[in-house]
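S.K.: Sequence and predicted structure, then a few things I'm wondering about:
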Amino acid sequence: MRSIPLVAGLAVLLAFTNQISEQGASLAQQPVESHAVPLKKFSKLDMDKRFEKVSGDPAKAGAPFVIRIHAEAGYIIMPHRHSVDENIVVVKGSWALGMGDRFKRESLEPMEVGDYGLVPKTMAHFALSRTYTTIQVHGIGPFTTQWVVPVYELNDKELLMKTGAEDPGHPTPTTPDGCFPLKLGTAVRESYGEGVIVGAQCTPGEVTQYRIERPDGERFWAQRVELEPL
């Protein structure tokens, strides 16, 4: 008669053990949430740069965010302003940052991997991607980008005028004076190599830069004075 409580206890213990085992198996089958975001490599970027959300939403007011911006070698980011402080860390390549409402190469400060830069909100600034570069930007939203002077972007379909990075562009039939003296499809040579012009950007009265594609598919940017037509 005394063995009955012992048997019952063993049964309860066995049932409890099976339950724990089943819960463990269920947890093991669930995907583990990753807290690490590896660097990406894009074979071909968009016309100017590739914008990547890492954490949060940069468009949300009062919320923290982290983004990454990928830029091809030679690309000039023309003078612009942000609505909030911009915290920049170079995570790949070689970057350069300058302050002011006009692009001045002599004002650029080199930034290498691990270097940090701070741009206070509403301060006009510009940058140069000296190699294929990835920068990581963090701050408190909303994060917007407004060009000091509208940028004209030429691709194989149309000519667009853009007032900011978030602006998809407005088609325009008129090319500003001094923009795009070289045409798409022109074969050129530069220090990065030889290739064909596949796109261009112009800030009237300041800079026209061309996007060149090499035979191996790699792309870079250069200004007219740096290019030798072939």
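M.R.: Received, thanks.

S.K.: Distance check, residue 82 against residue 149.
M.R.: Distance of residue 82 to residue 149, given as Cβ to Cβ, to the nearest Å: 16 Å. All C-beta atoms are positioned from the backbone trio N, CA, C, and that covers glycine.

S.K.: what does residue 163 give?
M.R.: For residue 163, the distance to residue 149 - Cβ to Cβ - is 9 Å.

S.K.: higher neighbour count, residue 82 and residue 149?
M.R.: Comparing residue 82 with residue 149 by other Cβ atoms under 10 Å, the one with more neighbours is residue 82, at 23 against 17.

S.K.: I'd say the more buried one and residue 144 touch.
M.R.: Yes. Counting by Cβ atoms under 8 Å, residue 82 touches residue 144, with 6.5 Å between them.

S.K.: buried sites along stretch 139-150?
M.R.: Of the residues in stretch 139-150, 139, 140, 141, 142, 143, 144, 145, 146, 147, 148, 149, 150 count as buried by neighbour count, 16 or more other Cβ atoms under 10 Å.

S.K.: Which of the residues you listed fall within strands?
M.R.: Under the assignment DSSP state E, these contribute 139, 140, 145, 146, 147, 148, 149, 150 to strands.

S.K.: Same list, these, but as TSV with pLDDT please.
M.R.: Output for those, formatted as TSV (pLDDT from 0 to 100):
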residue	pLDDT
139	97
140	97
145	95
146	96
147	97
148	97
149	96
150	96
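
S.K.: and which of those is nearest residue 176?
M.R.: residue 150 (9.3 Å; Cβ to Cβ).

S.K.: Could you check how far the spatially most central residue of the chain is from residue 35?
M.R.: Central residue of the chain (Cα atoms, centre = their mean): residue 69, 1.5 Å from the mean position. Using Cβ to Cβ, we find residue 69 at a distance of 22 Å from residue 35.

S.K.: What of residue 212?
M.R.: From residue 212 to residue 35 the distance is 39 Å (Cβ to Cβ).

S.K.: Many thanks, I have nothing further to ask.
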